[in-house]
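> have a look; sequence and predicted model below, questions after that.
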Protein chains: 2
Amino acid sequence: MSDGRQIKALLFDVFGTVVDWRTGVTRELYPFLNRFAPQVDAAEFADAWRRQYSPAMEEIRSGRRPFVPLDVLHRENLKKVLSDYGVDSSSISAQEIEDLNFSWHRLDPWPDSVAGLLRLKRRFMIAPLSNGNIRLMMDMAKRAALPWDAILGAEVARAYKPSPEVYSKTVEILGLHPAEVCMVAAHNGDLAAARLCGLKTAFLVRPTEHGPGQTSDLHAEQHWDFLATDMNDLATQLGCPT
Amino acid sequence: MSDGRQIKALLFDVFGTVVDWRTGVTRELYPFLNRFAPQVDAAEFADAWRRQYSPAMEEIRSGRRPFVPLDVLHRENLKKVLSDYGVDSSSISAQEIEDLNFSWHRLDPWPDSVAGLLRLKRRFMIAPLSNGNIRLMMDMAKRAALPWDAILGAEVARAYKPSPEVYSKTVEILGLHPAEVCMVAAHNGDLAAARLCGLKTAFLVRPTEHGPGQTSDLHAEQHWDFLATDMNDLATQLGCPT
C-alpha cells in the first residue's frame, strides 16, 4: 500500500470503472431490437457487442491496422453482431445505426462516481485514460457531469490500452514522472500494464460490471497500491475531504 | 452574420481571447526580475518573451523541427530573452526557470470569460483550440475555473495554428462538419485560417491584450460570422440564457 503523497494526477479507466456500460447499452438496445430483432435478449446482445471490443482493438495494437477511434470500431462491431444474430444491417438506416452506436456516449455513472471524482478533483488532476475516443468521452462527461480536467486516452496517444505507449505518452503529456500518476481501474489487466510503465495503481472493484454472474476482476490479482470499494472510498484513502 | 443554429461546438483561442497573458506574466516577472535583472521593465520583458512565440512555432510549422509542446518553446524563448537582456540564465536554477515558465499556466481570465463560457457550455461543446499544450491548458483551467468539456488544440493535433491541420484535425476529432464548429478568437489571423478550413468564425475584441497602446486586432478585418464585445455578448448572440 502507498500513502499517495507523491501522486499528482489520477487517470481513470471509464467503461466499467466509472460508468455502467452494460446497463446503459442494454437500455438503448430494447427499443432497437424490438423493431429489428425482437427474439434477441438485449443484455445478451450487449455482452456480444462488448466481446468484439478487444479483438477489434487487437488489430490496431498489433500494427495490422492503423489507428481509428473507438466509435468506428463500435460501429463495425455492431454490424458484425447484428449479422451474427441474422439481422441484415444494410436494411437499417445509417442514422439508426449511428444513434444506437452513440449509446456508448450516453452511459450512466455508478452511483458513487461523480461524488468521488469531485472530491478527487480538488486535490489531483483527474482525466480519463480510456480506449473511448475524445468525442465519446466528452459527450458522456457532459451528460453525466463527470468533472474531468482534460480528456486523455487512446485517441490522444493514438494507441489502445494495454499497449504501454498509451500510459507512457499520457504521463509525458502530463509532464510528470510515472510514479506521480496513478491509474484507477476495475480491471487487473489495465493496472498490470500501467504498473509495468511505472505508474501507481488503484483497484476499484465493480462486481456487477458484467451483470449478476460476473466471474472476472472480483479480486485484486497483484498487490496494487490502493484497493477501494468505490470512488468515495478511494477519495478517502487519498486524503480528500468529503 | 450567421444565426448559429447549425453550430454544435465552439473552439476558443485562449492567450488573449480567454485570458490576459500580459498582465499575468508581468505580475510573475516582477519578483523574478527584481532578483536577476532589476533594471528591466517587467511588461517590456513580457512583450519581448511573447515576440519570440511565433518565430519559435514557425520552426515547427515549416517542418524544420518536429513538434514539441509549447512549454518547451516558452522555456527556450525565456532563456533567449534573458540572454538578450544580458542575464546569464545558466546562473539561475532550473527550478526557478521552470517556476517562471509556468507563469503561463497561471493566467487570469478576462472578467467576462468564465461567466460567458458557463452560459455557452450549456448549449454547445466548448474546448480550447490553443497553441498551449494540454498540461498548460489543464493547469490554467483548474486555477481559473474555465469549464472546458475537453482540452483540444496544438498538442492533440501535433501542429501549431495557423496551420490548417490544427483546425481540420480538431473538427475530425469532434466528429462534426466544419460548418458545425465555430472558432472564437480575438485575432483576425486565427479566424482567417479557421475560415479557410470551413469553420464558422466569431471575433471577440480584446483591445488591451497587448497593453494600453495596442494597435492590432482592434477591428474585424473580414466579415466574420459573429462580432462580440465579450464572452457574455457572444453567449447572448448565440441564444444562451443568462
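Done, it's in. Residues are numbered from 1 along each chain as shown, chains lettered A, B, ... in the order given.
> how close does the residue sitting furthest away from the middle of chain A sit to chain B?
What lies farthest from the middle of chain A is A:Ser91; by CA atoms, centre = their mean that is 30.6 Å. Distance, A:Ser91 to chain B, using CB to the nearest CB, to the nearest Å: 25 Å. Bear in mind the C-beta positions are built from the backbone N, C-alpha and C, glycine included.
> ditto for A:Ile126
10 Å.
> who's in contact with the helix or strand harbouring A:Met57?
Using DSSP states H and E, A:Met57 sits in helix A:53-61. Residues outside helix A:53-61 that contact it (CB atoms under 8 Å, 6 or more residues apart in numbering or on different chains): A:Arg65, A:Pro66, A:Phe67, A:Val68, A:Leu73, A:His74, A:Glu76, A:Asn77, A:Asn131, A:Ala159, A:Tyr160, A:Ser163.
> residues touching the fifth one, list them.
Applying CB under 8 Å, 6+ apart to A:Leu73 gives the contacts A:Tyr53, A:Ala56, A:Met57.
> buried ones in the helix holding A:Met57?
A:Tyr53, A:Ala56, A:Met57, A:Ile60, A:Arg61 (16 or more other CB atoms under 10 Å in any protein chain shown).
> extract the C-alpha trace of it and format it as PDB.
Taking Å, rounded to 0.1, in the frame of the first residue of the first chain, the C-alpha atoms of helix A:53-61 are listed here in PDB:
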ATOM      1  CA  TYR A  53     -14.200  -4.900 -28.300                       C
ATOM      2  CA  SER A  54     -10.800  -6.400 -27.500                       C
ATOM      3  CA  PRO A  55     -10.400  -8.400 -30.800                       C
ATOM      4  CA  ALA A  56     -11.200  -5.200 -32.800                       C
ATOM      5  CA  MET A  57      -8.600  -3.200 -30.900                       C
ATOM      6  CA  GLU A  58      -6.100  -6.000 -31.200                       C
ATOM      7  CA  GLU A  59      -5.900  -5.400 -35.000                       C
ATOM      8  CA  ILE A  60      -4.600  -1.900 -34.100                       C
ATOM      9  CA  ARG A  61      -2.400  -2.900 -31.200                       C
END
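> and that helix, average pLDDT?
The average pLDDT within helix A:53-61 is 97.
> check stretch A:5-19 too.
97.
> start to end distance for it?
27 Å (CA to CA, to the nearest Å).
> and stretch A:202-221, by the same measure?
12 Å.
> quick revisit: out of the contacts of helix A:53-61, which is nearest to B:Asn188?
A:Phe67 (34.9 Å; CB to CB).
> go ahead and confirm that closest one touches A:Val156.
No: in this structure A:Phe67 lies outside contact range of A:Val156 using CB atoms under 8 Å: 11.0 Å.
> more neighbours, these two?
A:Val156 (24 against 14; other CB atoms under 10 Å in any protein chain shown).
> so for that one, what's the pLDDT?
98.
> helix or strand for it, just tell me which one.
Secondary structure (DSSP H and E) places A:Val156 in helix A:154-157.
> please apply the same query to A:Thr215.
Applying DSSP H and E, one finds A:Thr215 in no helix or strand.
> how many other residues sit next to it?
The number of residues near A:Thr215, taken as other CB under 10 Å, comes to 6.
> tell me what the helix holding A:Val156 is packed against?
helix A:164-174 (3 or more CB pairs under 8 Å, 6 or more residues apart in numbering or on different chains; DSSP states H and E).
> check whether the helix it packs on contacts chain B.
Yes: counting by CB under 8 Å from any CB of the partner chain, chain B has neighbours in helix A:164-174: A:Ile173, A:Leu174.
> tell me the buried residues in that helix?
A:Val166, A:Tyr167, A:Ser168, A:Lys169, A:Thr170, A:Val171, A:Ile173, A:Leu174.
> cool, stretch A:16-33 as well?
Quick answer for stretch A:16-33 (16+ other CB under 10 Å): A:16-29, A:32-33.
> now do stretch A:89-105
In stretch A:89-105, counting by 16+ other CB under 10 Å, buried: A:Ser89, A:Ile92, A:Ile97, A:Leu100, A:Asn101, A:Phe102, A:Ser103, A:Trp104, A:His105.
> what of stretch A:198-210?
Result for stretch A:198-210 [16+ other CB under 10 Å]: buried residues A:Leu199, A:Lys200, A:Thr201, A:Ala202, A:Phe203, A:Leu204, A:Val205, A:Arg206, A:Glu209, A:His210.
> and the fifth one, its phi and psi?
Phi and psi for A:Phe203, reported as degrees, to the nearest 10, are phi -100, psi 120.
> that one bridge partners, please.
Following DSSP bridges, A:Phe203 is listed with bridge partners A:Ala185, A:Leu227.
> so how far is chain B from it?
Counting by CB to the nearest CB, the gap from A:Phe203 to chain B is 25 Å.
> the fourth one now?
Separation of A:Ala202 from chain B (CB to the nearest CB): 20 Å.
> I'd say that residue and A:Ala220 touch.
No: between A:Ala202 and A:Ala220 there is no contact under CB under 8 Å: 10.2 Å.
> what sits in contact with each of the two?
Joint contacts of A:Ala202 and A:Ala220 (CB under 8 Å, 6+ apart) are A:Leu227.
> if we can go back for a sec, just the buried members of the contacts of helix A:53-61?
By 16+ other CB under 10 Å, those give A:Leu73, A:His74, A:Asn77, A:Asn131, A:Ala159, A:Tyr160, A:Ser163 as buried.
> what element comes up after the helix or strand hosting the third one heading to the C-terminus?
It stands for A:Asn77. A:Asn77 is located in helix A:70-84, with elements delineated by DSSP H and E. Downstream of helix A:70-84, the next assigned helix or strand under DSSP H and E is helix A:94-101.
> OK, contacts around the residue lying closest to A:Pro178 once chain neighbours are set aside?
In space, and not counting its chain neighbours, A:Pro178 is closest to A:Gly198: 3.1 Å by CB to CB, 6 or more residues apart in numbering or on different chains. Residues in contact with A:Gly198 (CB under 8 Å, 6+ apart) are A:Val171, A:His177, A:Pro178, A:Ala179.
> got the contact list for the last one?
Under the criterion of CB under 8 Å, 6+ apart, the contact partners of A:Ala179 comprise A:Gln6, A:Gly198, A:Leu199, A:Lys200.
> between these, which is nearest chain B?
A:Leu199 (16.5 Å; CB to the nearest CB).
> touching, that closest one and A:Tyr167? I think so.
Yes: counting by CB under 8 Å, A:Leu199 touches A:Tyr167, with 6.0 Å between them.
> what do those two both touch?
In contact with both A:Leu199 and A:Tyr167: A:Leu11, A:Pro178, A:Met183, using CB under 8 Å, 6+ apart.
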